[in-house]
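Sequence and predicted structure are below.
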Amino acid sequence: MTAGRSAAAGPSPEPARYLMIIENRQGYSDIGIWDFPDGFYVHPTKRMQAIYCDGHAKATKFSQTLGASQDDQEWSFLTTCGGANCKATIDNARKTLRQPKVWAQMEGE
């Protein structure tokens with residue numbers, strides 16, 4: 001399963017919104033939000049390359065993918081992510097990102 005698509009769920013309802021592939025430090029391409037922060041790779045510019053379900057790609061900050069709420073996050077339209085509740089997993093990533101060490105690693109400053 002990739003970040004924005006699951007064989008069981010079918011196509012993404014908003015393919016330009018949801019992540020399909022992101023840069024990572026793992027040996028597999030289907031990294032998901034559940035691997036945050038250790039599995040993710042960000043460039044010295046504090047951006048990562050992301051490919052979305054509609055095929056477009058862009059450099060983005062990790063915090064931009066989380067959004068401010070479930071309504072604007074880019075990780076999943078599913079209810080489970082890696083066997084866990086997606087909303088809770090994304091909320092936990094937002095909390096983890098606020099930790100100074102993680103913020104410095106992922107966002108800088």
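Received it, and whenever you're ready, just let me know what you need.

which secondary structure elements does the helix or strand of the chain with the lowest mean pLDDT contact?
Ranked by mean pLDDT, DSSP states H and E, the weakest helix or strand in the chain is strand 80-81, scoring a mean of 78. On a contact count with 3 or more Cβ pairs under 8 Å, 6 or more residues apart in numbering; DSSP states H and E, strand 80-81 meets helix 86-97. All C-beta atoms are positioned from the backbone trio N, CA, C, and that covers glycine.

What residues sit buried inside the helix it packs on?
Of all the residues in helix 86-97, those buried under the rule 16 or more other Cβ atoms under 10 Å are 86, 89-90, 93, 97.

could you redo those as a markdown table and give each row distance to residue 22 and pLDDT?
Below are the buried residues of helix 86-97 laid out as a markdown table (distance: Cβ to Cβ, whole Å; pLDDT from 0 to 100):
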| residue | distance to residue 22 | pLDDT |
| --- | --- | --- |
| 86 | 16 | 88 |
| 89 | 15 | 89 |
| 90 | 14 | 90 |
| 93 | 13 | 92 |
| 97 | 15 | 93 |
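
Dump these to a markdown table, plus distance to residue 60.
Compiled in a markdown table, these are given as follows (distance: Cβ to Cβ, whole Å):
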| residue | distance to residue 60 |
| --- | --- |
| 86 | 19 |
| 89 | 19 |
| 90 | 15 |
| 93 | 14 |
| 97 | 14 |
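
What strands line up against the least confident helix or strand of the chain, and which way round?
Paired neighbours of strand 80-81 in the sheet (DSSP bridges): strand 84-85 (antiparallel).

what does the strand it pairs with contact?
34, 79 (Cβ atoms under 8 Å, 6 or more residues apart in numbering).

Try it again at 7 Å.
Strand 84-85 is contacted from outside by residue 34, using Cβ atoms under 7 Å, 6 or more residues apart in numbering.

likewise stretch 99-108?
Outside of stretch 99-108, the residues within contact range by Cβ under 7 Å, 6+ apart are 37, 42, 46, 61-63, 96-97.

change it to 6 Å
With Cβ atoms under 6 Å, 6 or more residues apart in numbering as the test, stretch 99-108 has contacts from 37, 42, 46, 62-63, 96.
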